[in-house]
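K.L.:
Need coordinates for the following:
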Amino acid sequence: MPELAAGGDIAQQAAARLSRARFYIDMADRQNAFVEADEALKLTPDDVDIRHLVARLAMSAGNNARADREFTIALQQRPDDANIQASNATRLLLTSETQALRAFDKIVSAHPEHRYSRRSRAQLLINAGRAGDAIADLDVLLAEDSRDPNLLALRGNANIRAGNAWQAVADLTEALKQDPGRYDLVSARAIANEILGDDSAALADYDTLLGPISGGPPKYAIGGDELAKFRMQRAFVSVRLKRFDDAAAEAVSALAAGGRRSFLRAQVFLRQNGFPETPLDGQSSEDLRKAMQACMGLNSCFEKISGSL
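P.N.:
Numbers count the residues shown, from 1 in each chain. Have a look, this model is predicted:
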């Protein structure tokens, strides 16, 4: 940790405090970082960068009153600073995405080169159902850095929402080349392939995500409801490919995540929809798998059970 110099002029003391604040930030100790930055600000109240740091640390600590005060003063001292404006706009995400979007709109209009604000606006536009506008922002950002996996992932998801499934697959495929450890990219590409009607490609994505239907743990660290959701989605894709045995096995595996209640719900459904011999015991069994397989081979039953499960 940087030492505090004995004596020295005010600027040196402030610099030492600031170095200590940055040390604590690197150590993820925001509380002590705030203390040191605040001491530096007391020594140099006209230093806008230190005030901006104090404002951001106050914001991360949930001290909204202090953050509001420091942002107000910082913007009075340097009203055209896009970084300070963007930090202040970020605070609005906690209370109103609509207000945050307006704030980022103003920043991007005045500072079109400010990448953080443009990316933030793109995310907010997606959330607001304006995927096409978000894609326009992401096109600008990717023109300068075409391999950024986070931007590619964001544009891929925006293209899914905008109905541009082919472009979504291209974006997500490139993102996976840059960051193959992200399973969210694989699952998003599977959805895009389903939208395209390419169930074989979608199934390949789910196989990459989950491992073989025949057994074994998922390739990625996925569990709980999320794992069940992906397994059920793979079951639906398998049905469309007329792989009914695989679909039934996967559906039963998905039900296991919900325990006895999920099995009972499925068993009651099957008994009420043409399979009265299905056991009603809340347990996984070969009889349940066979009933599920038969159901998934019938359009009338499958359509009902897909909505039910």
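K.L.:
what about the closest residue to residue 234 other than its chain neighbours, neighbour count?
P.N.:
Once flanking residues are discounted, residue 234 sits nearest to residue 206: 4.0 Å by Cβ to Cβ, 6 or more residues apart in numbering. Where C-beta positions appear, they are placed from N, C-alpha and C, glycine not excepted. Close neighbours of residue 206, defined as other Cβ atoms under 10 Å, add up to 24.
K.L.:
tell me the contacts of residue 206?
P.N.:
Residue 206 makes contact with 190, 230, 233-234, 237 under the criterion Cβ atoms under 8 Å, 6 or more residues apart in numbering.
K.L.:
out of those, which are inside helices?
P.N.:
Per DSSP state H, helices hold the following members of the contacts of residue 206: 190, 230, 233-234, 237.
K.L.:
distance of the residue nearest to residue 234 from residue 222?
P.N.:
In this view, residue 206 and residue 222 are 11 Å apart by Cβ to Cβ, to the nearest Å.
K.L.:
List of residues touching stretch 274-288?
P.N.:
Stretch 274-288 is contacted by residues 252, 255-256, 260-261, 263-264, 266-268, 270-271, 291, 294-295, 298, 301 when judged by Cβ under 8 Å, 6+ apart.
K.L.:
Of those residues, keep whichever come out buried.
P.N.:
Taking 16 or more other Cβ atoms under 10 Å as the criterion, what is buried in these is 252, 255, 263-264, 266-267, 270, 291, 294-295, 301.
K.L.:
would CSV of those residues with distance to residue 51 be doable?
P.N.:
Below are the buried ones among the contacts of stretch 274-288 laid out as CSV (distance: Cβ to Cβ, whole Å):
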residue, distance to residue 51
252, 60
255, 56
263, 59
264, 60
266, 60
267, 64
270, 66
291, 68
294, 69
295, 65
301, 66
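K.L.:
Nearest to residue 62 among these?
P.N.:
Using Cβ to Cβ, residue 255 comes nearest to residue 62 of the buried ones among the contacts of stretch 274-288, at 41.0 Å.
K.L.:
Contact partners for the closest one?
P.N.:
By Cβ under 8 Å, 6+ apart, the residues touching residue 255 are 228, 262-263, 266, 284, 309.
K.L.:
repeat for residue 213
P.N.:
Contacts of residue 213 by Cβ under 8 Å, 6+ apart are 207, 234, 238, 246, 249-250.
K.L.:
Could you identify the most distant pair in those residues?
P.N.:
Comparing all pairs in those by Cβ to Cβ, the longest separation belongs to 207 and 249, at 13.5 Å.
K.L.:
picking up where we left off before, helices - which of the contacts of stretch 274-288 land there?
P.N.:
Short answer: the contacts of stretch 274-288 in helices (DSSP H) are 252, 255-256, 260-261, 263-264, 266-268, 270-271, 291, 294-295, 301.
K.L.:
For the closest residue to residue 183 other than its chain neighbours, give me phi and psi.
P.N.:
Spatially, and ignoring its direct neighbours in sequence, residue 183 is nearest to residue 220 (3.9 Å; Cβ to Cβ, 6+ apart). Phi and psi for residue 220, reported as degrees, to the nearest 10, are phi -110, psi 160.
K.L.:
With the one 5 residues further on instead?
P.N.:
The phi/psi pair for residue 225 (degrees, to the nearest 10) reads phi -60, psi -30.
K.L.:
ok, the nearest residue to it once chain neighbours are set aside - how many residues close by?
P.N.:
Distance criterion Cβ to Cβ, 6+ apart; nearest residue to residue 225, sequence neighbours excluded, is residue 257 at 6.4 Å. Residue 257 is flanked by 16 other residues according to other Cβ under 10 Å.
K.L.:
need the contact list for residue 257.
P.N.:
Taking Cβ under 8 Å, 6+ apart, we find residue 257 in contact with 224-225, 227-228, 231.
K.L.:
and if we set it to 10 Å?
P.N.:
Counting by Cβ atoms under 10 Å, 6 or more residues apart in numbering, residue 257 makes contact with 223-229, 231-232.
K.L.:
my guess is residue 25 meets residue 35, correct?
P.N.:
No: in this structure residue 25 lies outside contact range of residue 35 using Cβ atoms under 10 Å: 11.9 Å.
K.L.:
Quick check: neighbours shared by those two?
P.N.:
Common neighbours of residue 25 and residue 35 (Cβ under 10 Å, 6+ apart) are residue 57.
K.L.:
Looking at those two, which one has more neighbours?
P.N.:
Neighbour count, other Cβ under 10 Å: between residue 25 and residue 35, residue 25 has more, with 19 against 16.
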